[in-house]
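Trainee: Quick check, what structure comes out for this input:
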Amino acid sequence: MNIKQLDNSTPGPYLDRLVATEIMGNRVVDDEIFGPMEMHTNNNGVNVYYPLRNYSEKIRSARLVVAKMIRMAYHNEAAYWRAEERPDVICKAALRAVLQRRQKENASKTRASLRVVK
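Mentor: Predicted structure coming up:
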């Protein structure tokens with residue numbers, strides 16, 4: 001996903017999946033009975049499953065994104081997002097910050113290494 005696609009995305013399951021995987025660090029699996037489920041491994045090594053949260057549609061779930069971004073220190077201004085009341089804006093800002101950080105990390109890895117040869 002690039003920033004343009006992110007800006008054009010609408011609140012809903014697609015954006016929620018991106019948030020769950022890219023920010024929350026969970027895996028999303030599709031269960032035949034329960035639908036999309038988030039899975040993470042707890043401190044005891046046990047896989048925990050729960051329904052995919054509506055991060056981009058429910059402010060309560062979006063607050064989890066803000067808390068995670070503050071803990072990850074991906075974006076210096078994430079603490080200011082607490083005042084935002086639109087969950088899709090919070091999710092897009094968080095995904096944008098993760099995308100930009102990943103692009104910077106990739107750019108630093110692909111720089112040419114120059115050596116002086118005598």
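Trainee: C-alpha from now on. contacts and neighbour counts both.
Mentor: OK.
Trainee: ok, what's across the strand from residue 31?
Mentor: When bridges are called by DSSP bridges, residue 31 pairs up with residue 35.
Trainee: Centre-most residue in the chain?
Mentor: Centroid check for the chain by CA atoms, centre = their mean gives residue 23 as the closest residue, at 2.5 Å.
Trainee: Next, the contact list for that residue, please.
Mentor: 65, 68-69, 94-95, 98 (CA atoms under 8 Å, 6 or more residues apart in numbering).
Trainee: Tell me where the protein has helices.
Mentor: 3-8, 13-18, 59-72, 87-109 (DSSP state H).
Trainee: For the third one, name the packing helices and strands.
Mentor: Going back to what we said before, that points to helix 59-72. On a contact count with 3 or more CA pairs under 8 Å, 6 or more residues apart in numbering; DSSP states H and E, helix 59-72 meets helix 87-109.
Trainee: end to end, how far does stretch 3-15 reach?
Mentor: 13 Å (CA to CA, to the nearest Å).
Trainee: Residues in contact with that stretch: which ones?
Mentor: By CA under 8 Å, 6+ apart, stretch 3-15 touches 54-57, 88, 91-92, 95-96, 99.
Trainee: What residues sit buried inside the helix-or-strand element of the chain with minimal mean pLDDT?
Mentor: Least confident helix or strand, the chain: helix 3-8 with a mean of 82, by mean pLDDT, DSSP states H and E. Within helix 3-8, the residues that count as buried by 16 or more other CA atoms under 10 Å are residue 6.
Trainee: rewinding a little: kindly indicate which of the contacts of residue 23 lies nearest residue 40.
Mentor: residue 68 (14.4 Å; CA to CA).
Trainee: okay but the closest one is in contact with residue 24, surely?
Mentor: Yes. The criterion here is CA atoms under 8 Å, and residue 68 meets it with residue 24 at 6.9 Å.
Trainee: Out of the contacts of residue 23, which end up buried?
Mentor: 65, 68-69, 94-95, 98.
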